[in-house]
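Visitor: turn this into a model:
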Amino acid sequence: MAAEVARKMVEDAGVDVNRLLKMLIKNASAELTTYYYYTILRTNLTGFEGEGLKGVAEDARIEDRNHFEALVPRIYELGGKLPDDMKVFHDMSACPPANLPAEPSDVKEIVKILLKAEQCAVKGYTEICNMTAGKDHRTYDLALAILNEEIEHEAWFSEILGKGPSGHFMRPNRQNSPFVSKFLH
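Guide: This is a model prediction of the structure:
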């Protein structure tokens, strides 16, 4: 085990590490599969409406990949591991697949799918934060950083759907993952 003391400290603080690992792995699966599905969704954002949204979808897509990359070291630090089988990993995702709508050129439906995926992520990382707050500082810090970015993604897509202004803006200089970047080595 890579970090026996770290795991023991988390256990001694009252965190069910096995449950936490399941949650982290399921969320890592959601991030990687969302990256894949967002690639397809972004590709189908075409026409006058869709072309203008590709940048927003791309920012969320890249940041979801970064979330996956940031989660993996913590999973292994706590004594967990990713499944050997990609199909198994896909199917354990904390969030349902963000599949294309029946009509792949329906930009509004694509944005609704993007929004649902972000809302699922917000719930998952809120649960991890609640579980680790004051007990597992490293996992909490990581989950909170991801949560901040997922909340911004949700706000972007909600705003695009006309649900009111979000107060959030595109990333300056197209710099991705302002909260999670400290976890990417």
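Visitor: and the gap between residue 32 and residue 21?
Guide: 16 Å (Cβ to Cβ, to the nearest Å). Every residue, glycine included, has its C-beta placed from N, CA and C.
Visitor: more crowded one of the two?
Guide: residue 32 (22 against 19; other Cβ atoms under 10 Å).
Visitor: any idea which element the nearest residue to residue 103 once chain neighbours are set aside lies in?
Guide: Nearest residue to residue 103 in three dimensions, chain neighbours excluded: residue 109, at 6.7 Å (Cβ to Cβ, 6 or more residues apart in numbering). Using DSSP states H and E, residue 109 falls within helix 107-132.
Visitor: the following helix or strand past that helix packs against which elements?
Guide: Later in the chain than helix 107-132, the nearest helix or strand by DSSP H and E is helix 137-160. Here helix 137-160 touches helix 54-77, helix 107-132, going by 3 or more Cβ pairs under 8 Å, 6 or more residues apart in numbering; DSSP states H and E.
Visitor: could you give the separation of the first one from the chain centroid?
Guide: Going back to what we said before, that points to helix 54-77. Offset of helix 54-77 from its chain centre (Cα atoms, centre = their mean, to the nearest Å): 6 Å.
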